[in-house]
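A.B. asks: Sequence and computational prediction follow.
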Amino acid sequence: MLKTSLVLAPPSDPKESEELSKIMARLESTYGKGKWCPDPEKSRDSVRDKPEACKNIDEITRILAESRNEPDLRAAWEGWHTIAPPMRKDYTRFVELSNTGAKELGFADTGAMWRSKYDMPPNAFAAEADRLWNQVKPLYQSLHKYVRRRLGIATDTIPAHLLGNIWAQEWGNIYDLVAPADAGGSYDLTKILEARSDIDVVGMMRIGEQFFTSLGFAPLPQTFWERSLFTKPRDRDVVCHASAWDLDDEEDLRVKMCISKTADYFQTIHHELGHNFYQRAYKMQPFLYKDSANDALHEAIGDTIALSVTPGYLVKIGLLDEEPPESDDIPLLLREALDKVAFLPFGIMIDQWRWRVFSGEITPDDYTRSWWDLRLEYQGIAPPEERSEADFDPGAKYHIAANVPYMRYFLARILQFQFHRALCEIAECKGPLHRSSIYGNRAAGKRLERMLALGRSRPWPDALEALCGQRKMDATAMLDYFAPLKSWLDEQNS
Ligand code: X8Z
Ligand code: ZN
């Protein structure tokens, strides 16, 4: 466990180790400071009026989500990717140094070290990820084909700047462009939140906390509210990428994120709180066991709770006036799939790339080309314009710059449906899974707590079993959840 708990193994040579520390700090801070400063000559009037205005990640995220103007989307997409080229040299050296450290610990390379964290042989783990991807691939393909057609794209690939997100990793923001023609009024949570002046970003956080307390978890301590960072400070650059912290293995829990009032942030709030409630649940464990049973479980908890943020629940807490009728099931599922299903190939390709980078199969002079080869192979997307090795597009994604393994998010995407199904069974929810919420159900809360409290004291299949009675990861829950949508998509596509 000591060996496999590392994400980064510093070389034993103190000079090399120091060099690696400095590189890691520089990479993450370069990302954190990343801004796009539009060229005033080329910009449209709105930007030309304020030529000094450089845009940070939140502003660019907003453009990608909201603009329906292709040149603006393209400019913002390209603009964000300008933050990455300065990272290229550091990243190349980081790969060398981190591999040196991993080899000293007896691993073939850093990727092999990452794959050895899962209580099974590293190769078996890679095969397990492939198995799950193959289970969900047909669902993704149906969604991709439908979206492509609704966007009026004649080729097999979708340009990456048209999907509502800088990395095309979740597509929910273009729901309005691909909604079924006869769809009733599916609700827009961003608009609902914007219209509620009585709910600020802390209020959104309170709603998330309240879900956990409704399950029987203790409220967050006062210090959480005092010491967390909820909004972007105006006077300095911070790494805005959301994270959750456990400062003392006791009660000093915090989040660090730059929240704005959107549906995406409402989701991320639940995600981060999942980390904090997990951390608190295993705090009684001995030091080495104070962690999730594997890293995917940590990523899955808050998302599992967020799956219970159903229309019915929103009505209960007064965010929605009435539940959309059954005839809106397809629109609701489509909205959900644009985020959840679209993410799957992105979730798996990131570390397909990194594993090959660490093993040397992908060399530095091939970083960007191989990145887009994998984006094409898994996601079926292409860059809006030709890219070159000078670009270093992988560096424009936080987890590459900050060296956070990514397979955990792919697995979490599948596990969260497995957990949701199990908890809904315990809560004896009626109706289809996408309308089922465990809100307020103490029995479900208790079962969840049982798995969380185990921390890392048991191999992960035991933890899985404690929650859902299954020892294997299983994508059938996700497939069941989206089954009606899958039939509908296939009908539309044919
Ligand atoms: O990085 C995150 C969390 C922090 S652990 C906000 N996520 C991945 C991402 O943003 O790329 C959550 C979903 C996937
Ligand atoms: Zn997370």
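C.D. replies: Happy to help now that I have it. Everything quoted here is computed from the prediction, not taken from an experiment. Ligands and ions are numbered 1, 2, ... in the order given.
A.B. asks: Spit out the contact partners of K145.
C.D. replies: K145 is in contact with L489, N493, counting by CB atoms under 8 Å, 6 or more residues apart in numbering. The C-beta positions use only the backbone N, C-alpha and C, and glycine is treated the same way.
A.B. asks: could you measure it against A483, distance?
C.D. replies: To A483, K145 is 17 Å away according to CB to CB, to the nearest Å.
A.B. asks: Check G274 too.
C.D. replies: 26 Å.
A.B. asks: who has more neighbours, these two?
C.D. replies: Taking other CB atoms under 10 Å, G274 and A483 do not tie; G274 has more neighbours (27 against 15).
A.B. asks: give me the element the more buried one is part of.
C.D. replies: Per DSSP states H and E, G274 falls inside helix 263-281.
A.B. asks: Quick one: mean pLDDT for that helix?
C.D. replies: For helix 263-281, the mean per-residue pLDDT is 98.
A.B. asks: The longest helix anywhere in the chain and ligand 1, any residue contact?
C.D. replies: Ranked by residue count under DSSP state H, the longest helix found in the chain is helix 329-359. No - under the criterion of CB under 6 Å from any ligand atom, ligand 1 is not reached by helix 329-359; the shortest gap measures 7.1 Å.
A.B. asks: now the angle between helix 263-281 and that helix, please.
C.D. replies: 60 degrees (axes from the mean of the first three to the mean of the last three CA atoms, to 10 degrees).
A.B. asks: for helix 329-359, which positions count as buried?
C.D. replies: Residues of helix 329-359 classed as buried: 329-358 (neighbour count, 16 or more other CB atoms under 10 Å).
A.B. asks: Stretch 275-291 now?
C.D. replies: Across stretch 275-291, burial judged by 16+ other CB under 10 Å covers H275, N276, F277, Y278, Q279, R280, A281, Y282, K283, Q285, K290, D291.
A.B. asks: Contacts only, for the fifth one.
C.D. replies: The neighbours of Q279, taking CB under 8 Å, 6+ apart as the test, are A244, D246, L253, K290.
A.B. asks: Following the longest helix of the chain in sequence, what is the next regular element?
C.D. replies: helix 367-374.
A.B. asks: how close does D329 sit to A296?
C.D. replies: 29 Å.
A.B. asks: Run through the neighbouring helices and strands of the helix or strand just after the helix holding G274.
C.D. replies: Once the chain leaves helix 263-281, the next helix or strand it forms, by DSSP H and E, is helix 295-307. Secondary-structure packing of helix 295-307 (3 or more CB pairs under 8 Å, 6 or more residues apart in numbering; DSSP states H and E): helix 201-214, helix 263-281, helix 407-426, helix 442-454, helix 460-468.
A.B. asks: among those, which is nearest S21?
C.D. replies: Comparing the helices and strands packed on helix 295-307 against S21 with CB to CB, the closest turns out to be helix 407-426 (23.4 Å).
A.B. asks: give me every residue that touches the residue in the stretch 151-300 of the chain that ligand 1 sits nearest to.
C.D. replies: Proximity of the stretch 151-300 of the chain to ligand 1 (CB to the nearest ligand atom) peaks at A242, 3.9 Å away. Contact analysis of A242 by CB under 8 Å, 6+ apart lists V255, K256, M257, T268, H271, E272.
A.B. asks: count of neighbours near the first one?
C.D. replies: Okay, so that is V255. For V255, using other CB under 10 Å, the count is 24.
A.B. asks: Which of the helices or strands spans it?
C.D. replies: Element membership for V255, per DSSP H and E: strand 253-256.
A.B. asks: right, quick check: that strand against ligand 1, any contact?
C.D. replies: No - with CB under 6 Å from any ligand atom as the criterion, ligand 1 is not reached by strand 253-256; the gap is at least 9.8 Å.
A.B. asks: what's the first-to-last distance across stretch 235-252?
C.D. replies: The straight-line separation of the ends of stretch 235-252 (CA to CA, to the nearest Å) is 25 Å.
A.B. asks: Name the residues of it that are buried.
C.D. replies: For stretch 235-252, by 16+ other CB under 10 Å, it's V239, C240, H241, A242, A244, W245, D246.
A.B. asks: can you check stretch 471-481 too?
C.D. replies: For stretch 471-481, by 16+ other CB under 10 Å, it's M473, D474, A475, A477, M478, L479, Y481.
A.B. asks: between those residues, which is closest to R369?
C.D. replies: Using CB to CB, A475 comes nearest to R369 of these, at 30.6 Å.
A.B. asks: these two touch, right, the closest one and Q416?
C.D. replies: No - assessed by CB atoms under 8 Å, A475 is found out of contact with Q416, at 11.2 Å.
A.B. asks: quick one on the thing from earlier: need the contacts of Q279 in a markdown table (columns: pLDDT).
C.D. replies: Shown next, in a markdown table, are the contacts of Q279 (pLDDT from 0 to 100):
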| residue | pLDDT |
| --- | --- |
| A244 | 98 |
| D246 | 97 |
| L253 | 98 |
| K290 | 96 |
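A.B. asks: Make CSV from these and add distance to G203 to it.
C.D. replies: Shown next, in CSV, are the contacts of Q279 (distance: CB to CB, whole Å):
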residue, distance to G203
A244, 19
D246, 24
L253, 19
K290, 31
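A.B. asks: and of the residues you listed, the nearest to F94?
C.D. replies: A244 (24.7 Å).
A.B. asks: What sits closest to the closest one if chain neighbours are left out?
C.D. replies: H275 (3.5 Å; CB to CB, 6 or more residues apart in numbering).
A.B. asks: Check R196 too.
C.D. replies: L319 (7.6 Å).
A.B. asks: now L433
C.D. replies: Once flanking residues are discounted, L433 sits nearest to Y481: 4.7 Å by CB to CB, 6+ apart.
A.B. asks: Spell out which parts of this protein neighbour ligand 1.
C.D. replies: Counting by CB under 6 Å from any ligand atom, the chain sits next to ligand 1 at A242, S243, T268, H271, Y409.
A.B. asks: so what pLDDT did the first one get?
C.D. replies: The reference is to A242. Confidence at A242, expressed as pLDDT, is 98.
A.B. asks: Quick one, grab the pLDDT at D39.
C.D. replies: At D39, the model reports a pLDDT of 78.
A.B. asks: Make sure G106 is actually in contact with T4.
C.D. replies: No - in this structure, G106 is not within contact of T4 by CB under 8 Å, at 10.7 Å.
A.B. asks: Counting neighbours, go ahead and name the busier of the two.
C.D. replies: T4 (15 against 10).
A.B. asks: tell me the contacts of the more buried one?
C.D. replies: Applying CB under 8 Å, 6+ apart to T4 gives the contacts M113, S116, K117.
A.B. asks: now swap in S29 and tell me
C.D. replies: Shown in contact with S29 (CB under 8 Å, 6+ apart): D237, V239.
A.B. asks: Distance from the host helix or strand of it to the middle of the chain?
C.D. replies: Secondary-structure assignment from DSSP H and E places S29 in helix 14-33. Offset of helix 14-33 from its chain centre (CA atoms, centre = their mean, to the nearest Å): 24 Å.
A.B. asks: circling back to that earlier point, include distance to P219 when you put the residues of the chain next to ligand 1 into TSV, please.
C.D. replies: Formatted as TSV, those follow (distance: CB to CB, whole Å):
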residue	distance to P219
A242	21
S243	21
T268	20
H271	19
Y409	28
